[in-house]
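Novice: quick one: sequence and predicted model below, then my questions.
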Amino acid sequence: DVKVTQSSRYLVKRTGEKVFLECVQDMDHENMFWYRQDPGLGLRLIYFSYDVKMKEKGDIPEGYSVSREKKERFSLILESASTNQTSMYLCASSLGDRDRHEQYFGPGTRLTVT
Amino acid sequence: DAKTTQPPSMDCAEGRAANLPCNHSTISGNEYVYWYRQIHSQGPQYIIHGLKNNETNEMASLIITEDRKSSTLILPHATLRDTAVYYCIVRTNTGNQFYFGTGTSLTVIP
């Protein structure tokens, strides 16, 4: 079974803090993704990565950065957390094969910025 | 990117078939239709996907109209554990990006 794990299920941070959200997948997937999920807005893509050290902006990259130094790990960084970044953050991974694109999701991290 | 339209909510009686519709009238010829679901407090779970033909797996069936402008996900015998938000997604043909809308909240009633 594909397993995608996220470092924390719940996190509380203060405004202005630097926040790291970690995601690890164990299936040697090329692609990894970070989404945020807010009520009434569905899932929105923040950043994704096709390969180690590669990254692409999604729909809402402002206020975020990412790092992918190893194939299995994809980190989302909030350089200076703000209250409007309070959200559920979901990580996903998928194979690079264009005919098999199902994404496998982690359990999510619920971040509260106070 | 093709976008999708789904009803915000639906109910289904336990044991009956649940038919979840999705409109994707701007889909292009090489874009796939994917279905995911999200049970409360969990990450989304892949269900099924298709291009032109109908598809079936152990979880569900996917019916795509001939013009590909709409599709229906069928859960043949809904159980209480199928209560979730169901997302219909069209995959872009320029990469791996998915567009998740707000989905359909399915409630299976005992």
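Specialist: Nice, thanks for sending it over.

Novice: which phi and psi values does the closest residue to A:Gly42 other than its chain neighbours adopt?
Specialist: With sequence-adjacent residues excluded and distances taken as C-beta to C-beta, 6 or more residues apart in numbering or on different chains, A:Gly42 is closest to B:Thr102, at 4.4 Å. Quick note: C-beta positions are derived from backbone N, CA and C, even for glycine. Recorded main-chain torsions at B:Thr102 are phi -100, psi -10, according to degrees, to the nearest 10.

Novice: B:Thr102: neighbour count?
Specialist: The tally of other residues near B:Thr102 (other C-beta atoms under 10 Å in any protein chain shown) stands at 16.

Novice: that one against A:Leu41, yeah?
Specialist: Yes. B:Thr102 is in contact with A:Leu41 according to C-beta atoms under 8 Å; the separation is 7.2 Å.

Novice: ranges for the strands of chain A?
Specialist: A:4-6, A:10-13, A:19-25, A:31-38, A:42-49, A:56-57, A:65-70, A:73-78, A:87-94, A:104-105, A:109-113 (DSSP state E).

Novice: which of those has the highest mean neighbour count?
Specialist: Most buried of the strands of chain A by mean neighbour count (mean count of other C-beta atoms under 10 Å in any protein chain shown) is strand A:87-94; its value is a mean of 24.

Novice: near chain B at all, that one?
Specialist: Yes. Legend: contact between strand A:87-94 and chain B by C-beta under 8 Å from any C-beta of the partner chain is shown at A:90, A:92, A:94.

Novice: show me what the second one is bridged to.
Specialist: Spelled out, it's A:Ala92. Note on A:Ala92: beta-bridge partners by DSSP bridges are A:Phe33, A:Phe105.

Novice: mind putting the strands of chain A into a markdown table with mean pLDDT?
Specialist: Formatted as a markdown table, the entries for the strands of chain A read as follows, by pLDDT from 0 to 100:
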| stretch | mean pLDDT |
| --- | --- |
| strand A:4-6 | 95 |
| strand A:10-13 | 96 |
| strand A:19-25 | 97 |
| strand A:31-38 | 93 |
| strand A:42-49 | 90 |
| strand A:56-57 | 92 |
| strand A:65-70 | 97 |
| strand A:73-78 | 97 |
| strand A:87-94 | 94 |
| strand A:104-105 | 92 |
| strand A:109-113 | 97 |
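
Novice: adding distance to B:Val85, write these out as JSON lines.
Specialist: Conversion of the strands of chain A to JSON lines gives the following (distance: least, C-beta to C-beta, whole Å):
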{"stretch": "strand A:4-6", "distance to B:Val85": "19"}
{"stretch": "strand A:10-13", "distance to B:Val85": "21"}
{"stretch": "strand A:19-25", "distance to B:Val85": "22"}
{"stretch": "strand A:31-38", "distance to B:Val85": "10"}
{"stretch": "strand A:42-49", "distance to B:Val85": "9"}
{"stretch": "strand A:56-57", "distance to B:Val85": "26"}
{"stretch": "strand A:65-70", "distance to B:Val85": "26"}
{"stretch": "strand A:73-78", "distance to B:Val85": "23"}
{"stretch": "strand A:87-94", "distance to B:Val85": "13"}
{"stretch": "strand A:104-105", "distance to B:Val85": "13"}
{"stretch": "strand A:109-113", "distance to B:Val85": "16"}
